[in-house]
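In: The following block contains a protein sequence and its predicted model.
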Amino acid sequence: MDAAEVARISLFADLDEGECARLAELFREEDVLPFGRLAVQGDFGYRFFVILEGTAVVRIDGEEVTELGPGGFFGEMALLGEEGRRTAEVEARTRMRCASVMTWEFRQLLDDLPALRPKIEEAVAKYRR
């Protein structure tokens, strides 16, 4: 994942080039096969995911609530210190390419770039409504 891909993710769209480059260094890409589970409702969340290619289905209590595609993300609550259990299950609907970052790595970046935190908090707040 490079800085240009990071900048295309709605959550990070307002970040400057340097901030996007720092994020790109942290993300690790992975391929996920159809029906691969990326998050299990009730488990502790330690990673934040961004979908680069493919689609995933989100279920709460077994009921499908939405589908995520390229640019979609999940696990954002863990980024801001709300270490809790996953509130939904996320499963690959198609073959996917995702990027993820461990929560503690992202938090270190927030410490290193304090101007980044309010941008992330604002963006996450939009998606919680």
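Out: Arrived safely. Residues are numbered from 1 along each chain as shown.
In: CA only for contacts and neighbour counts going forward, please
Out: Fine.
In: residues in contact with stretch 7-21?
Out: Residues from elsewhere that reach stretch 7-21 (CA atoms under 8 Å, 6 or more residues apart in numbering): 2-4, 6, 50, 71-72, 113, 116, 119-120, 123-124.
In: tell me which of these is nearest to Asp61?
Out: Within those, the smallest distance to Asp61 is 20.6 Å, found for Gly72 (CA to CA).
In: Contacts only, for the closest one.
Out: Neighbours of Gly72 in contact, by CA under 8 Å, 6+ apart: 9, 50-52.
In: Would you check those and say which has the weakest pLDDT?
Out: Among the contacts of Gly72, Ile9 carries the lowest pLDDT, at 84.
In: so how many other residues sit close to that one?
Out: 17 (other CA atoms under 10 Å).
In: Same check on Ala7?
Out: 20.
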